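Engineer: Quick one, structure for this:
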Amino acid sequence: MEDSAKRLEVIVEFMVPGATLSGDTFDSENNFLYPAYTVYTNEIIDELKSKGVKKIYYTPVENNDATAFAKQAQDIWESLFEAVRNNARPDLEQTKDFVLSLHNYVKQNKDRFLYLMKIKDYDDYTFTHSVNVGILAMAMASKHGLEEKLVHEIGLGAFLHDVGKLMISKEILNKKEKLTNEEFEFIKKHPEYGYEYVAKHDHIPKNALDVILHHHENYNGKGYPKGFQDEDIPIGAKITSICDVYDALITARPYKRAYSSREAILSVMKESRVKFNPVLVSRFVRDMTPLLQKEPLIPVGTIVLLTTGEVAQVEELHSTGDLRPIVKILTNERQQKIARPFIVDLTLDSTRSVKRIIPR
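Structural biologist: Residues are numbered from 1 along each chain as shown. I've put the predicted structure just below:
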């Protein structure tokens, strides 16, 4: 436990789902609970209550880098909004410099850069979401082995991916009730609005423009605005699409609760071969899960359905984001119990993989 003079107390009963605390949390007996910047979902809050934890304690950790980047991002988005409101040509040189600084920070702080994603605010969702998606997209693109120039250009497009929403009223964007068909069709125009606006600038690379225009295209061809299928969607847009959905899910909004990192990753997995390229989903899960959470995605003891139709239990993991663990096969392909369950390492068996988790 850190210096008790700086320690703050939080009453669990009054915690709001979606809250984050800028320090590791402990119970009244100094037992560690959760790491700094955990998103306190309904499930976590209910778990604390069920364990009889009435108060939690933490010591705020100063995060000057995150504060500085957040301030720069806010200034950029305010200037963009002002330009949109005045129908002025965008000045994106500051934006390009900012994303380059962000890219360099991500490269130099491979284990710490996700702390930059921890400042969240309902009213400032647009710029915090943009920073988060930019960070995730550059990290994922880098791990995918793309060249540095392309990683930076993808990051620029990812940071600006929602610039078209500046042309849409906050009343529609933050509406708690279900959108009307007309309102939804209007929101679906934001990739084109953003593309057309940013394209007015002479020196924005095509890869960045592709991200802005195509980040809502789907693997199955049922996205927008062009209805492109996987092979026609630029790689930067594919990567940004996954990162966009992940960050939107883990962020509390006026109309929804925040998902835990695990819930969000599993939701992304469900959209493999529907919204997202399956290879990129696998790499996102494998490469990003260890950075995004400490707990394994599929814990030991989890019951899973395999692609063969067999039911199995996870026995051992290779890593936090392991999607090919060592499992014990419990049933045959018709899901009938077998007399002698046997162990299979899915990394060594190309005929089997995890299809989904079976709830207990």
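
Engineer: tell me the SS of the nearest residue to Ser282 once chain neighbours are set aside?
Structural biologist: In this structure, Ser282 finds its nearest non-sequential neighbour in Leu323, 6.5 Å apart by Cβ to Cβ, 6 or more residues apart in numbering. Just so you know, the C-beta spots here come from the backbone N, C-alpha and C atoms, and that holds for glycine as well. Under DSSP: H, G, I helix; E, B strand; the rest coil, Leu323 falls in the coil class.

Engineer: Surely Leu323 touches Arg356?
Structural biologist: No - look at Leu323 against Arg356 with Cβ atoms under 8 Å: they stay out of range, at 11.2 Å.

Engineer: These two: which is more packed in?
Structural biologist: The neighbour comparison of Leu323 against Arg356 (other Cβ atoms under 10 Å) goes to Leu323, with 20 against 12.

Engineer: sorry, back to before: for Ser101, see how far away the residue nearest to Ser282 is.
Structural biologist: With distances taken as Cβ to Cβ, to the nearest Å, Leu323 is found 34 Å from Ser101.

Engineer: go on, Ile357?
Structural biologist: Ile357 is 39 Å from Ser101, where distance means Cβ to Cβ.

Engineer: out of these two, which sits in the busier spot?
Structural biologist: A count of neighbours by other Cβ under 10 Å puts Ile357 above the other of Ile357 and Ser101, at 16 against 13.

Engineer: Is that one bridged to anything, and to what?
Structural biologist: Val304 (DSSP bridges).

Engineer: Pull up the per-residue confidence for it.
Structural biologist: pLDDT, Ile357: 91.

Engineer: Ok, Glu315 next?
Structural biologist: pLDDT for Glu315: 97.

Engineer: surely it meets Ile329?
Structural biologist: No - at 10.3 Å, Glu315 and Ile329 do not qualify as touching, with contact defined as Cβ under 8 Å.

Engineer: Common neighbours of these two, please.
Structural biologist: Ile343 (Cβ atoms under 8 Å, 6 or more residues apart in numbering).

Engineer: who has more neighbours, those two?
Structural biologist: Ranked by neighbour count (other Cβ under 10 Å), Glu315 and Ile329 place Ile329 first, with 18 against 15.

Engineer: Mind listing what's buried along the helix or strand containing the more buried one?
Structural biologist: Ile329 is located in strand 326-331, with elements delineated by DSSP states H and E. By 16 or more other Cβ atoms under 10 Å, the buried positions in strand 326-331 come out as Ile326, Val327, Ile329, Leu330, Thr331.

Engineer: ok, of these, which one's closest to Ile242?
Structural biologist: Set against Ile242, the nearest of the buried residues of strand 326-331 by Cβ to Cβ is Val327 (25.8 Å).
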